[in-house]
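> got a predicted model here, sequence first, then my questions.
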Amino acid sequence: MAPDSNQQEKLDCEISDELGSFVDSASSTFTCGGSIPIKASESQSLNEAEANTENIPQAETNVLSSPPITIRWDSPRTDATHKITLPIVASDDDGQGTLVALVNDCQPASFGYQGKDTYDENYRKATKLDSSEFSTSFCPYSLGIIDTVAQVLLPTSSNENWGTGVRAELYKLNFYSAPSGFFKAHVDTPRSEAQFGSLVVSLPCRHEGGQLVVRHAGHSVTYDWGDSNAKAGISQCQWAAFYSDCEHEVLELTKGHRLTLTYNLYVVPGVGQLTGNSPALDIHSLPLYQKVKEALAKPLFMPKGGYIGIYCTHAYPHTTKVGQDSLPGILKGADMAVYTIFRALGLKILVKTVLDDDEANASIAQWHPSQASPCHSRIGDWGTINLTSRGGDDMDSWNEILHGFAHRKVQINWLTGRQEKYRSEGFVHLTYGNQAGIGCMYTYAVLLVKIPAAHERSSAKNE
């Protein structure tokens with residue numbers, strides 16, 4: 001039996017509230033990740049080079065790739081410096097032998113417990129090289145990984161007048177080998193107050209198992225790098241970044257060697273602009289992606305379609321031409337994630353402003369209740385402060401004044417609430433009294449998403 005209109009409205013509100021709470025929480029962007037294909041080296045045969053790229057969509061092959069990755073290390077066994085280049089070609093016996101030598105030169109990996117480094121194979125079975133013992137040609141900056149992390153995970157600065165960026169400090173090279181390499185669930189200990197997270201880069205080394213599971217506030221994301229490498233038949237490096245307070249673990253390795261670089265992530269001045277154009281980012285790795293997809297799949301969520309609205313969680317110069325010209329690249333953090341995810345799901349998303357007209361609406365409701373529409377919002381564009389000459393005459397109604405900002409009001413299903421610290425003066429009008437005066441209203445930066453009706457979403461899914 002189909003629900004009646006009251007039940008349907010209640011279910012719609014419940015889904016909206018659940019989605020809104022998730023968007024508003026830190027859980028919406030506690031981790032992110034992606035993959036970068038490895039360009040074929042000169043030593044590879046033509047067939048091997050083609051195998052590395054034939055499974056990558058054409059749109060991606062010309063966007064971003066990494067040269068083969070070199071690692072050099074000092075061997076304590078031979079007092080010599082050795083070099084290995086990844087990925088290793090299957091027919092390269094010397095390369096396979098060098099990999100074994102690297103494994104043998106690594107030391108047992110400890111972990112932090114109650115402020116001390118502890119070694120216990122019942123808790124962690126792995127080996128490592130410290131950053132002082134090796135060097136690598138891999139650069140997360142040149143591959144766009146650090147700029148992506150900065151815009152997705154970077155905490156909000158207490159000073160909104162200047163941006164912040166990310167410094168990645170190479171920490172260790174870690175080896176998990178089959179059988180039974182693993183690391184039980186744990187939370188990292190930050191190395192300083194400026195550290196906010198960690199970056200793990202999985203180098204192209206065939207293995208099975210060893211999934212990285214990241215958890216936060218009851219939600220989890222699993223990065224299965226070995227499985228994706230083996231099934232896709234391609235060489236690539238893959239990465240994941242997450243906040244320092246996230247619990248994470250490495251599941252048991254069942255085959256091969258899992259070789260990773262780990263970096264500590266610190267807050268520093270400066271940030272890039274990547275919204276909607278970050279080839280290093282895998283949208284599916286964002287926890288919010290699955291949450292939004294689940295909501296859209298439910299026929300009781302906005303069955304007739306319409307607009308959903310999300311108030312931006314950072315301050316932007318949305319009343320200036322500079323701010324308008326910087327769209328959408330100026331978006332950061334959860335705002336960038338929301339924008340990118342809805343675009344990836346094929347939905348139309350707009351970056352707009354909304355007028356804070358609560359006082360005016362209260363007056364309209366009191367004196368002209370038939371004209372009141374509290375469920376509708378007046379939407380404007382970035383880039384200007386709207387002006388009107390209305391309001392200086394006692395015959396000017398509030399509706400006539402507000403038309404100076406926007407003639408049409410839009411019904412919006414707001415998922416999140418506004419924060420006063422992110423508002424700006426965005427609408428100026430005259431006031432009537434014993435003498436002429438000027439009044440102003442505030443505006444907020446918002447993201448608006450056009451949601452198709454449920455039957456349209458279902459049809460698009462089946463195509």
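Sure, I can see it. Since the structure is predicted, the reported quantities are computational estimates derived from the model, not experimental observations.
> any idea how far the closest residue to Gln419 other than its chain neighbours is from Ser135?
Nearest non-adjacent residue to Gln419, counting by CB to CB, 6 or more residues apart in numbering: Tyr311, 7.0 Å away. (Each C-beta comes from the backbone N, C-alpha and C, glycine too.) Tyr311 sits at a distance of 46 Å from Ser135 (criterion: CB to CB, to the nearest Å).
> of those two, who's got more company?
Tyr311 (20 against 16; other CB atoms under 10 Å).
> a strand runs through Lys128, doesn't it?
Yes. Using DSSP: H, G, I helix; E, B strand; the rest coil, the assignment for Lys128 is a strand.
> enumerate every residue touching it.
Going by CB atoms under 8 Å, 6 or more residues apart in numbering, Lys128 touches 106-109, 172-175.
> show me what contacts the residue nearest to Gln419?
Tyr311 is in contact with 354, 414, 416-419, 422, 444-446, counting by CB under 8 Å, 6+ apart.
> any low-confidence regions in the chain?
Low-confidence segments of the chain (pLDDT under 70): 1-8, 11, 25-27, 41-63, 113-116, 155-164, 227-234, 269-279, 363-375, 460-463.
> nearest residue to the spatially most central residue of it in space, please, no chain neighbours.
By CA atoms, centre = their mean, the mean C-alpha position of the chain lies nearest to Val152, the distance being 3.9 Å. With CB to CB, 6+ apart as the criterion, Val152 has its nearest non-adjacent residue at 4.5 Å, and that residue is Cys32.
> count the residues that sit near the one you found.
By other CB under 10 Å, the residues close to Cys32 number 26.
> host element of it?
strand 31-37 (DSSP states H and E).
> same thing with Val292?
Using DSSP H and E, Val292 falls within helix 287-297.
> just the CA trace of the lengthiest strand in the chain, in PDB.
In the chain, taking DSSP state E as the definition, the longest strand is strand 253-269. Coordinates of each C-alpha in strand 253-269 appear next as PDB, following Å, rounded to 0.1, in the frame of the first residue of the first chain:
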ATOM      1  CA  LEU A 253      47.400  -9.400   3.300                       C
ATOM      2  CA  THR A 254      46.900 -12.700   1.500                       C
ATOM      3  CA  LYS A 255      49.300 -12.500  -1.400                       C
ATOM      4  CA  GLY A 256      52.300 -10.500  -2.600                       C
ATOM      5  CA  HIS A 257      53.700  -7.300  -1.000                       C
ATOM      6  CA  ARG A 258      51.800  -4.100  -0.100                       C
ATOM      7  CA  LEU A 259      54.300  -1.200  -0.400                       C
ATOM      8  CA  THR A 260      53.200   2.300   0.700                       C
ATOM      9  CA  LEU A 261      54.600   5.700   1.400                       C
ATOM     10  CA  THR A 262      53.100   7.600   4.400                       C
ATOM     11  CA  TYR A 263      53.100  11.300   4.800                       C
ATOM     12  CA  ASN A 264      52.200  13.500   7.800                       C
ATOM     13  CA  LEU A 265      49.900  16.400   6.700                       C
ATOM     14  CA  TYR A 266      50.300  19.900   8.200                       C
ATOM     15  CA  VAL A 267      48.500  23.200   7.900                       C
ATOM     16  CA  VAL A 268      50.400  26.000   6.100                       C
ATOM     17  CA  PRO A 269      49.400  29.300   4.400                       C
END
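> show me what counts as buried in it.
253, 256-267 (16 or more other CB atoms under 10 Å).
> can you name every helix or strand that it contacts?
Packing contacts for strand 253-269, counted by 3 or more CB pairs under 8 Å, 6 or more residues apart in numbering; DSSP states H and E, involve strand 164-177, strand 195-202, strand 207-209, helix 225-232.
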